[in-house]
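[1] no sequence for this one, just the structure:
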């Protein structure tokens, strides 16, 4: 991060925002007006987090609470000064934390946020919280923001000021108590947020479930009530942790509001599960599946996990030990009565109670998804399109639940030749004709490559359904999913396929494939000699009807898609020559059989191998040599 710093005689330090922060601030100030009240939800949520963190720190430093042990969040108005102040008596910040949390926002995903913008104000405003830049939403309604803060356990207070332009000021503050007060100097068109009824409605909408009192001044008409010169305050939210209340007492709108609070999402969740467990292990869980994928879903190193509470005391964000990595999209809270209050991440990794809870929560999430798939096919398809691909990591990571995860997977299929992944393994098995002994699939770098793969030509002709797999993880997935409900999964580009074993399928192509024509042994040997060590062997194919050749690997060898994936990741891949299968009915093979000229035979062999590699998605070692071969053959036809 590059920052400019200027010291003034009064001790005020001026620091420049980084470039991306400037861009985001400009966006907040000039563009995102469609959902202005979002700023209040974000600031109250941040204050709630600060109070939760103080509760946790006070376990080790009870003296930090002092005489101010009634934790709360307060909002105050000053109509004359046109300010709105959000104050908490939580953990507070020191100078370095102010710089890290408010002076730079790159670590909050700002660059990615800016890439995601669509130009639609409503959609763009919904990205604010999702990308963790909620504090900067203050500038939607304020032309100047002041932050007075003092960290618990420290004597120095600090003041942060900014007009949302090129820089911000940092100076010693005057706050005498721990906590943070954020004062917004409202714009001329933001008068609504000086009205108590308007602020109250926003608090009830977004923060009713927060387990910390959110207070507004008691009003006597247009004036706040006072007693002995001090304001009187009233709590406007329920101030009780949602997950501690009985399910029958909670409305769906409250569940949705709580999800938005913990996830910073503007949409309702796709589904949720609220459960209390008693017995050997006692805990309460509230788990949500979102409708949309978070921007960092495919970054396995990004922060993830549930909010962990122990006996209603906040312990940590992003407790990843309670769910496997392939369920990293799940949001929610876990409140345990068994774990110690001084639990650490290291203890969580070794505690058998955590392992038991993890297993139960994993089953709970899978239950949710199975119920969704069964009862609301359209909603489940929404889930799959957004979040489904990470489930493909499940069979490799969670052996105990491998078949349950497999039942939730969806694939494209030759059943309808649509690129939409809508077909389950159960649906495939239901459609299988009696006597079919395998679930057939083919992998490709794209849907078009899989759909047009030469490996499935004969199966198509016979009416045999083939799953079309084109996600980059699909071959890796199938290496850990060898069977489903007792039926093996068969890669049609691997090993041998005996078409005689396949049953007749009703409605199959009446123009059934001709039996493969046997080629003389010297023809196959001639091809092998021309191609040398680049192929393991050459044999006549049962798979092909239209294409002249295809490449096949042995059952226990690595497929081409996996080889390309590992190579792109910079990993060493052992060399292994594929098998070249040829179509004895194809004119190119007949031409090779009849050709007497050695150079033309070599050209034909090179073309056959190159076309097989291209159909596989593999790059050619020498594209120019292939073009020369093709040009010589085409010149003879001219």
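    Perfect, I can see it now. Note that the structure is a prediction, hence the values are computed from the model and not measured.
[2] Could you list the domains of the protein?
    According to automatic domain parsing, the chain comprises the domains 5-242, 269-384, 410-513, 514-638.
[3] Now tabulate those in CSV and tack on mean pLDDT, mean neighbour count and distance to residue 396.
    Quick note: C-beta positions are derived from backbone N, CA and C, even for glycine. What follows is the domains of the chain, written out as CSV (pLDDT from 0 to 100; neighbours: other C-beta atoms under 10 Å; distance: least, C-beta to C-beta, whole Å):
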stretch, mean pLDDT, mean neighbour count, distance to residue 396
domain 5-242, 80, 17, 27
domain 269-384, 87, 17, 9
domain 410-513, 88, 17, 4
domain 514-638, 86, 16, 13
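[4] In CSV: the ones you listed, plus distance to residue 402.
    Below are these laid out as CSV (distance: least, C-beta to C-beta, whole Å):
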stretch, distance to residue 402
domain 5-242, 32
domain 269-384, 11
domain 410-513, 7
domain 514-638, 19
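[5] How far off centre is the longest helix anywhere in the chain?
    In the chain, with assignment by DSSP state H, the single longest helix is helix 352-375. Taking C-alpha atoms, centre = their mean, to the nearest Å, one finds the center of helix 352-375 at 18 Å from the center of the full chain.
[6] who does it touch, helix- and strand-wise?
    Other helices and strands packing on helix 352-375, by 3 or more C-beta pairs under 8 Å, 6 or more residues apart in numbering; DSSP states H and E, are strand 271-277, strand 283-289, strand 331-336, helix 377-387, helix 402-408.
[7] which one of those lies closest to residue 486?
    Evaluated with C-beta to C-beta, the helices and strands packed on helix 352-375 place helix 402-408 nearest to residue 486, the distance being 10.1 Å.
[8] what packs against the following helix or strand past the closest one?
    Going down the chain from helix 402-408, the next helix or strand is strand 411-413, by DSSP states H and E. When contacts are defined as 3+ C-beta pairs under 8 Å, 6+ apart, strand 411-413 packs onto strand 418-423, helix 447-451, strand 466-469.
[9] In a markdown table, list these along with distance to residue 267.
    Shown next, in a markdown table, are the helices and strands packed on strand 411-413 (distance: least, C-beta to C-beta, whole Å):
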| stretch | distance to residue 267 |
| --- | --- |
| strand 418-423 | 22 |
| helix 447-451 | 28 |
| strand 466-469 | 30 |
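[10] And the residue lying closest to residue 192 once chain neighbours are set aside, its phi and psi?
    Nearest non-adjacent residue to residue 192, counting by C-beta to C-beta, 6 or more residues apart in numbering: residue 198, 4.8 Å away. Residue 198 adopts backbone torsions of phi -70, psi -50, taken as degrees, to the nearest 10.
[11] Of all the domains of the chain, which one comes closest to residue 404?
    That would be domain 269-384 among the domains of the chain, by C-beta to C-beta, at 5.1 Å.
[12] how about residue 176, secondary structure?
    Following DSSP: H, G, I helix; E, B strand; the rest coil, we place residue 176 in the coil state.
[13] Tell me which of the helices and strands packed on helix 352-375 lies nearest to residue 452.
    When the helices and strands packed on helix 352-375 are compared (using C-beta to C-beta), the closest one is helix 377-387, at 23.2 Å.
[14] Can you check what angle separates that closest one from strand 418-423?
    Using axes from the mean of the first three to the mean of the last three C-alpha atoms, to 10 degrees, one finds that helix 377-387 and strand 418-423 are set 110 degrees apart in direction.
[15] Next secondary structure after helix 377-387?
    Heading C-terminal from helix 377-387 (DSSP H and E), you reach helix 394-397.
[16] Now do the buried residues in that next one.
    For helix 394-397, the buried set under the neighbour-count rule, 16 or more other C-beta atoms under 10 Å, comprises 394, 395, 396.
[17] ok, now stretch 385-399?
    Across stretch 385-399, burial judged by 16+ other C-beta under 10 Å covers 386, 387, 388, 389, 390, 391, 392, 393, 394, 395, 396, 398.
[18] Among those residues, which one lies nearest to residue 205?
    Checking these against residue 205 by C-beta to C-beta gives residue 386 as the nearest, at 25.5 Å.
[19] ok, residue 524 to residue 563 distance?
    For residue 524, the distance to residue 563 equals 25 Å [C-beta to C-beta, to the nearest Å].
[20] Residue 254 now?
    When C-beta to C-beta is the yardstick, residue 254 and residue 563 sit 51 Å from each other.
[21] Reformat the buried residues of helix 394-397 as CSV; add pLDDT.
    Converted to CSV, the buried residues of helix 394-397 look like this (pLDDT from 0 to 100):
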residue, pLDDT
394, 94
395, 94
396, 92
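[22] Looking at those, spot the one nearest residue 250.
    Nearest to residue 250 among the buried residues of helix 394-397, counting by C-beta to C-beta, is residue 394 at 30.3 Å.
[23] Neighbours of the residue nearest to that closest one when sequence neighbours are not counted, how many?
    Sequence neighbours aside, residue 405 is the residue nearest to residue 394 in space, at 3.6 Å (criterion: C-beta to C-beta, 6+ apart). Neighbourhood size, residue 405 [other C-beta atoms under 10 Å]: 25.
[24] residue contacts, residue 405?
    Counting by C-beta atoms under 8 Å, 6 or more residues apart in numbering, residue 405 touches 326, 366, 391, 394, 395, 398.
[25] Wait, residue 196 touches residue 220, no?
    No: between residue 196 and residue 220 there is no contact under C-beta atoms under 8 Å: 11.3 Å.
[26] Just the helices from the stretch 51-200 of the chain, written as ranges.
    All helices of the stretch 51-200 of the chain, identified by DSSP state H, counting those that start in this stretch, fall at 95-98, 110-116, 121-125, 127-130, 196-207.
[27] Residue 248 is nearest to which of the domains of the chain?
    If you check each of the domains of the chain against residue 248 by C-beta to C-beta, domain 269-384 wins as the nearest, at 10.6 Å.
[28] now residue 179: how far from residue 146?
    As judged by C-beta to C-beta, residue 179 and residue 146 stand 15 Å apart.
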